[in-house]
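Enquirer: Quick one: sequence plus predicted model below, questions after.
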Amino acid sequence: MSDENHGASRQYPHPHKPHRRSIRLRSFDYTRQGAYFVTVCTQNRACIFGEIVNGEMRTNDFGRVAQAVWEEIPTHFPHVETDAYVVMPNHVHGIIVIAHPNVGATHASPLRHASPLRTDGPPKRSLGAIVGSYKSAVSKRINRTRRTPGAPVWQRNYYDHIIRNDDDLNRIRQYILDNPAKWSEDRENPQRQASTSRAHP
């Protein structure tokens, strides 16, 4: 997923793929302390961030935007730390760690170039607010570069997995690390999807 820029290609273990959910757990408080594995995919899963060459991610300019904005998250959300992450051709995997929600709360601000969150959106300093600001900031920078204001960059929503313990954390880190080398097996890979469709008409 990434081109080894800082933590860009740190990854989760692969023996058992982390279960990704597209719908939040209704009873779970996503502002609470904890570690979360998130996946955000591009609109129509278009490969706009670069390509995989010999099992390694080679990011293009847009991919480097996705990396840079990810690394800025703790600057704008002081109660948050980022762990392993990787930018892939058409999606981003990463670990977000929320510390106590009141840490640095008075100084927290949306990512630069991000749109203000709607009043009916996710709670402030929640996982949804963090991911929403990330996606918005990436979209604005990319659309400014390609002169396509307002064009969708991401698909709606995102996938998340609540990391329960150290074993789960280490498994996911390894999964993220291995992701570029296993691109041919990745369900987000359009070429794999096309070959699967041909095999199963």
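Expert: That came through, no problem. Numbers count the residues shown, from 1 in each chain.

Enquirer: Helices of this structure, start to end?
Expert: With helices called from DSSP state H, the chain shows them at 61-76, 127-146, 166-178, 190-199.

Enquirer: Any stretches of this protein with poor pLDDT?
Expert: Within the chain, the segments meeting pLDDT under 70 span 1-27, 100-121, 193-201.

Enquirer: now the strands: where do they sit in the chain?
Expert: Taking DSSP state E as the criterion, the chain carries its strands at 34-41, 50-53, 56-59, 80-87, 91-98, 159-163.

Enquirer: Just name the most buried of the ones you listed.
Expert: Across the strands of the chain, the average number of neighbours (mean count of other CB atoms under 10 Å) peaks for strand 91-98, which reaches a mean of 24. Just so you know, the C-beta spots here come from the backbone N, C-alpha and C atoms, and that holds for glycine as well.

Enquirer: just checking, what packs against it?
Expert: strand 34-41, helix 61-76, strand 80-87, helix 127-146, helix 166-178 (3 or more CB pairs under 8 Å, 6 or more residues apart in numbering; DSSP states H and E).

Enquirer: list the contacts for the nearest residue to Val40 once chain neighbours are set aside?
Expert: Leaving aside its chain neighbours, Val40 sits nearest to Tyr158 (4.7 Å; criterion: CB to CB, 6 or more residues apart in numbering). Going by CB atoms under 8 Å, 6 or more residues apart in numbering, Tyr158 touches 22, 38-41, 131, 135.

Enquirer: which one of these is nearest Val69?
Expert: Of all the contacts of Tyr158, Val69 sits closest to Lys135, with 9.0 Å by CB to CB.

Enquirer: how far away is that closest one from Phe62?
Expert: Between Lys135 and Phe62 the computed distance is 13 Å (CB to CB, to the nearest Å).

Enquirer: out of the two, which sits in the more crowded spot?
Expert: Lys135 (23 against 19; other CB atoms under 10 Å).

Enquirer: Since that was my last question, I'll sign off now.
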